[in-house]
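Engineer: Sequence first, then the predicted structure:
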Amino acid sequence: MSDTINLSGEVSDKRANGWINGLIGVLIFSGSLPATRVAVMEFDPVFLTVARATIAGLLGLALLLLFREKRPTRGQIIPLSVVAFGVVVGFPLLTAMALQYVTSAHSIVFLGLLPLATAVFGVLRGGERPRLAFWVFSILGSLLVVGFAVSRGLTASPKGDVLMLLAIVACGLGYAEGARLSKVLGGWQVISWALVLSLPTMAALTLYNLPASFRGISVPAWISLAYVSLFSMLIGFVFWYHGLAQGGIAAVGQLQLLQPFFGLALAATLLHESVSIGMLGVTVAVIFCVAGARKFSK
């Protein structure tokens, strides 16, 4: 009996730690789109994407060498490549391109779709089977976000909105695949190896897309580049993948519904972008969906 109680307690503690790590990851990621918005105003989006991946890749390589981590097995290379495609290249590039057409406040609203995308890929790639009520809450939160976007008029910038939707799909796939690998390799090891795999290509593209001059680049733009390189591409994933692996991809993934709230606050505070009552209303509504989805995730 005592063994059963201890086992139950360990599982409960593991899930609780998963939610804590996941929340830290979400807080870090919340600054990504506002920072990208600042950086893309002065850096070419392609250069920004490959430069941030190169910087993070060099840091990841240094960590792997420092701690003398074993190389991934042959069977782990393809999954790591999927992670690299989704979160190292796909999401950063697509969002950087989208932010040329939409504000960061508008793009952040689309992040409400990310928990659903992550959960779907968690089922397809991670073998998770959340209860029906979980999907009701998850879909409800996503519909609230999509409904708000439609009410604002998707035709205002169809290119930006399509790019954001593609970014969400790529990111959800990368999150789920990375979380599955984290159970074997570890959280920081997964993102580090994914960055290292893409490093030769990203470094070459960085040199190819190098601007003729960096004169005129403002301090906020450089700070934003540093943030998306260090925190968005590396540190955030250390907590995020660890949290997904501990608490479950579909369950902890619902914490992403909080990301629009934090992101909108940053956009209003740092970028002085207008945040309407409708935006806040949708954000608050989808936050309430987290509790319901969490309760029925197992």
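Structural biologist: All right, it came through fine.

Engineer: does residue 101 count as helix, strand or coil?
Structural biologist: coil (DSSP: H, G, I helix; E, B strand; the rest coil).

Engineer: so what's it up against?
Structural biologist: 157, 159-160, 163 (C-beta atoms under 8 Å, 6 or more residues apart in numbering). To be clear about C-beta, it is placed using only N, CA and C from the backbone, and glycine gets the same treatment.

Engineer: Grab the nearest non-local neighbour of it.
Structural biologist: Using C-beta to C-beta, 6 or more residues apart in numbering and skipping the chain neighbours, the partner closest in space to residue 101 is residue 160 (3.2 Å).

Engineer: Buried residues of the strand or helix carrying the one you found, list them for me.
Structural biologist: Following DSSP states H and E, one finds residue 160 within helix 158-185. Neighbour counts over helix 158-185 (16 or more other C-beta atoms under 10 Å) mark 160-161, 163-182, 185 as buried.

Engineer: now swap in stretch 72-92 and tell me
Structural biologist: Buried, per 16+ other C-beta under 10 Å, within stretch 72-92: 72, 79-92.

Engineer: Cross the residues you listed against helices and list the overlap.
Structural biologist: Assigned to helices by DSSP state H, the following of the buried residues of stretch 72-92 qualify: 79-83, 91-92.

Engineer: Turn the residues you listed into TSV, including pLDDT.
Structural biologist: Below are these laid out as TSV (pLDDT from 0 to 100):
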residue	pLDDT
79	95
80	96
81	96
82	96
83	96
91	92
92	91
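
Engineer: List just the nearest of those residues to residue 151.
Structural biologist: Closest approach to residue 151 among those (C-beta to C-beta): residue 91, at 25.4 Å.

Engineer: any idea which helix or strand comes after the helix or strand bottoming out on mean pLDDT in the chain?
Structural biologist: The weakest-scoring helix or strand in the chain, judged by mean pLDDT, DSSP states H and E, is helix 104-109 (a mean of 72). Downstream of helix 104-109, the first helix or strand assigned by DSSP H and E is helix 114-126.

Engineer: Buried residues, the helix or strand following that next one. List them.
Structural biologist: Later in the chain than helix 114-126, the nearest helix or strand by DSSP H and E is helix 132-152. Neighbour-count burial for helix 132-152, counted by 16+ other C-beta under 10 Å, picks out 134-135, 137-138, 140-142, 144-146, 148-149.
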